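> This is a predicted model, with the sequence first.
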Amino acid sequence: MMYLLDILLISLTAALINNFVLYYFVGICPFVGVSRKVEMAFGMGCAVTFVISIAALISWSITTMVLIPGAPLSSFIAGFFLPEQAAAKIDLTVLSYIVYIFAIASSVQFVEMYVRKYFPMLYGSFGVFLPLITTNCAILFACLTIMSHVTGVDNPADAWDLGRAIALAFFGGVGFTIAIVIMSGIREELELCDVPEPFQGAAITLVIGGILAIAFMGFTGVDSGIRAALMPSVTEQVSTMIPPRPDVLAILDLSSQVRQP
Amino acid sequence: MILVTLAIAAGTMLVMAVILSYILGWANKTFKVEVDPKIESVLEILPGVNCGGCGYLGCSDYAVAVVTDNVPVNKCTVGGKACAASVAEIMGVEVGEMIPIRAIVHCGATISQRLQTTQYRGEKRCAAAHLVAGVQGCTFGCLGFGDCVRACNYDAIHIIEGLAVVDYKKCVGCGACSKVCPRKIITIASFNEDQIPTVACSNQDKAKDAKAVCTTACVACKACSKISDIFTITDNLSKCDYDTYTAQHYEDAVKSMEKCPTNCIHFIGKPAD
């Protein structure tokens, strides 16, 4: 139950509350570049969602299996050459960026080949933006967020498992799709508007992006509300876990006695 | 310890590289798209500078258009006749008559010939200077800050005495300069002969105003249009019809040039060998 709630909250946070594009402002390049038509924007969103999920799968696996200190694979291999304690200390997190970029670039290549084969029209309209997913910071951002939740935790039990990582990445991609589709819808209408000359093009797009971001701020606090509604009350838990201390009660009694002469 | 760490790091990258490249290699085979071999061979012949002079996004775009949509093979101004001939050979079509197109600067006033009103101290770009009124007297002519020079990929246009001058030995007519010129005085025209006449002025003001700001402005006196019918006067400005100019008009054009009171008609083009 707790786990499902956690997944729900992570997904909701990634998709809406802390939307990658509109809250963190990562992945702006395709957000501005490919948001002219709704179909194109939706295709781009799907491509990013796919790439981000694959990249998260690969990067989570490699981070937990190889990169972090005490990871099973690296300490197993190091165990042949080193004493057990030293083997568990092998820390390869310096490799994280290069490994992530590696994973992202490969999955983008894969998607490019796939789209080229089965959606030639979409391939033509993407143009240079499809290979540019490689440098889409939203994807690296997702990988790094997952890494920070795997390595940067004090208690090893708090480290994210694969389900949470994929939930963050997939729904981050969904959030990107939502943002870019809303944006392209607005921009299609914008074609008919009389935009002042200095604002035309990228300028008005960024202004609209800012207004959308303000609109998405309305989701702030939804996660804590859901947590409060679905979780057993915190105070109840505390009261059942900690029995009342007799000495504290005695002090309270005593003080009340002192105040009342 | 360090050695083992290094070895594992290297091994990790190596294993990842092998696995991912294997997957990509498989995908490359599985998702292979059959591309018309003609497109690739046309693309090899095209110069590959992606200048956009043909009107397409780049060389590959033009190659696809040539092969699939039967677009004329002579649109590449950079490759010229040789390129068109070899593309036509692949496509099995005849090369149409190919008239070279080149850039023409419609301003002939060097910095000493035009009225300088104030000293411009802003950003040294035509695009910036064009926004400010009063950089120089003439609001139509060349600003001389060289936006076109920076746009040119062929080193074919230079600022000489504050005026953009096309080097017709190098110009290929890609049109990059005419796109960036904020005053739109550079146009792309077809050169029916090696040397063609042009009215090196864009000033559409009345004769008095034009003369006040420039010693070599067109004053629309109609001297040229009376002599030769390739010159026409519109908007207080004489224009040469480049499309109809042929060698037959040469004599009249020379007469017009000599008659022009402000000497703003010039012959331009590749110098005779």
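Looks like it came in fine.
> Check the gap between the nearest residue to B:Gly108 once chain neighbours are set aside and B:Ile2 for me.
Nearest residue to B:Gly108 in three dimensions, chain neighbours excluded: B:Ala200, at 2.9 Å (C-beta to C-beta, 6 or more residues apart in numbering or on different chains). The way it works is simple: take the backbone N, C-alpha and C, and place the C-beta from them, glycine included. Shown here: B:Ala200 relative to B:Ile2, a distance of 72 Å by C-beta to C-beta, to the nearest Å.
> Repeat that for A:Leu190.
For A:Leu190, the distance to B:Ile2 - C-beta to C-beta - is 57 Å.
> Give me the more crowded residue out of these two.
A count of neighbours by other C-beta atoms under 10 Å in any protein chain shown puts A:Leu190 above the other of A:Leu190 and B:Ile2, at 16 against 6.
> Spatially nearest residue to that one (excluding sequence neighbours)?
In space, A:Leu190 is closest to A:Ile204, 6.8 Å off (C-beta to C-beta, 6+ apart).
> Figure out the helix or strand that the one you found lives in.
helix A:202-216 (DSSP states H and E).
> continuing past that helix, what's the next helix or strand?
With DSSP H and E, the next secondary element past helix A:202-216 is helix A:222-230.
> pLDDT of that following helix, averaged?
The pLDDT scores in helix A:222-230 average 84.
> just checking, what packs against it?
On a contact count with 3 or more C-beta pairs under 8 Å, 6 or more residues apart in numbering or on different chains; DSSP states H and E, helix A:222-230 meets helix A:2-12.
> And for whichever helix or strand comes after the helix it packs on, what's in contact with it?
Next in sequence after helix A:2-12, counting helices and strands by DSSP H and E, comes helix A:28-33. Identification of contacts with helix A:28-33 by C-beta atoms under 8 Å, 6 or more residues apart in numbering or on different chains yields A:21, A:44, A:48, A:129, A:132-133, A:135-137, A:176, A:179-180, A:183, A:202, A:205-206, A:209.
> Tell me which of the residues you listed fall in helices.
In this view, these that belong to helices under DSSP state H are A:Met44, A:Val48, A:Cys137, A:Phe176, A:Ala179, A:Ile180, A:Met183, A:Ala202, A:Thr205, A:Leu206, A:Gly209.
> and the residues you listed, which are buried?
Using 16 or more other C-beta atoms under 10 Å in any protein chain shown as the burial test, the ones in helices among the contacts of helix A:28-33 include A:Met44, A:Val48, A:Phe176, A:Ala179, A:Ile180, A:Met183, A:Thr205, A:Gly209 as buried.
> correct me, but the fifth one touches A:Met44?
Yes - using C-beta atoms under 8 Å, A:Ile180 and A:Met44 qualify as a contacting pair, with a distance of 6.2 Å.
> Helix or strand: which one has B:Lys226?
With DSSP H and E as the test, B:Lys226 turns up in helix B:223-227.
> How far off centre is the helix or strand following that helix?
Using DSSP H and E, the next helix or strand after helix B:223-227 towards the C-terminus is strand B:231-234. Between the centre of strand B:231-234 and the centre of its chain there are 24 Å (C-alpha atoms, centre = their mean, to the nearest Å).
> and A:Phe129, how many neighbours?
16.
> So it versus chain B, what's the distance?
To chain B, A:Phe129 is 14 Å away according to C-beta to the nearest C-beta, to the nearest Å.
> In the stretch 151-261 of chain A, what residue comes closest to chain B?
Closest to chain B within the stretch 151-261 of chain A is A:Pro198: 11.1 Å, counting by C-beta to the nearest C-beta.
> what about that residue, which SS state?
Secondary structure state of A:Pro198, per DSSP: H, G, I helix; E, B strand; the rest coil, is helix.
> one step back: nearest to B:His249, of the ones in helices among the contacts of helix A:28-33?
Proximity of those to B:His249 was ranked by C-beta to C-beta; the top entry is A:Ala202 with 47.5 Å.
> which one is that closest one nearest to, not counting chain neighbours?
Leaving out its chain neighbours, the residue that sits closest to A:Ala202 by C-beta to C-beta, 6+ apart is A:Val32, at 5.8 Å.
> quick one: average pLDDT of the helix holding B:Lys226?
87.
> residues of that helix that come out buried?
For helix B:223-227, a neighbour-count test (16+ other C-beta under 10 Å) marks B:Ala223, B:Cys224, B:Ser225, B:Ile227 as buried.
> Next, format those residues as a markdown table and append distance to chain A.
As requested, these are exported to a markdown table (distance: C-beta to the nearest C-beta, whole Å):
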| residue | distance to chain A |
| --- | --- |
| B:Ala223 | 40 |
| B:Cys224 | 37 |
| B:Ser225 | 37 |
| B:Ile227 | 43 |
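> and those as a markdown table, adding distance to B:Val35?
Formatted as a markdown table, the buried residues of helix B:223-227 follow (distance: C-beta to C-beta, whole Å):
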| residue | distance to B:Val35 |
| --- | --- |
| B:Ala223 | 59 |
| B:Cys224 | 54 |
| B:Ser225 | 54 |
| B:Ile227 | 57 |
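> out of those, who's nearest B:Asp147?
For the buried residues of helix B:223-227, the nearest to B:Asp147 is B:Cys224 (29.9 Å; C-beta to C-beta).
> Of all the helix elements in chain B, which one is longest?
helix B:2-30.
> distance of the closest residue in space to A:Met231 that isn't next to it in sequence from A:Ala228?
Nearest residue to A:Met231, sequence neighbours excluded (C-beta to C-beta, 6+ apart): A:Leu5, at 6.8 Å. Distance, A:Leu5 to A:Ala228, using C-beta to C-beta: 11 Å.
> neighbour count winner among these two?
A:Leu5 (13 against 10).
> Quick check, B:Asp36 in contact with B:Val67.
Yes - using C-beta under 8 Å, B:Asp36 is in contact with B:Val67, at 5.6 Å.
> Looking at these two, which is more packed in?
A side-by-side neighbour count of B:Asp36 and B:Val67, using other C-beta under 10 Å, places B:Val67 first with 21 against 12.
> right, and that one touches B:Gly92 too?
No - counting by C-beta under 8 Å, B:Val67 stays clear of B:Gly92, with 11.3 Å between them.
> count of neighbours near B:Ile185?
The number of residues near B:Ile185, taken as other C-beta under 10 Å, comes to 22.
> meant to ask about B:Thr246
B:Thr246: 11 neighbours (other C-beta under 10 Å).
> Over to the one 4 residues further on?
Other residues near B:Tyr250 number 16, with proximity taken as other C-beta under 10 Å.
> Pull up the residues of chain B that are close to chain A.
B:1, B:4-5, B:8-9, B:11-13, B:16-17, B:20, B:23-24, B:27-28, B:31-33 (C-beta under 8 Å from any C-beta of the partner chain).
> which of these count as buried?
For the residues of chain B next to chain A, buried by 16+ other C-beta under 10 Å: B:Val4, B:Thr5, B:Ile8, B:Ala9, B:Thr12, B:Met16, B:Leu20, B:Leu24, B:Ala27.
> Please look at the fourth one and A:Leu92 and confirm they touch.
So that's B:Ala9. Yes - here B:Ala9 reaches A:Leu92: they are 5.5 Å apart, a contact under C-beta under 8 Å.
> Before we move on, what's the pLDDT of A:Glu191?
pLDDT, A:Glu191: 85.
> Likewise for the one 5 residues further on?
Per-residue confidence for A:Pro196 comes out at a pLDDT of 86.
> Neighbours of B:Lys81, how many?
11.
> now swap in A:Val128 and tell me
8.
> OK, contacts around it?
Residues in contact with A:Val128 (C-beta under 8 Å, 6+ apart): none are found.
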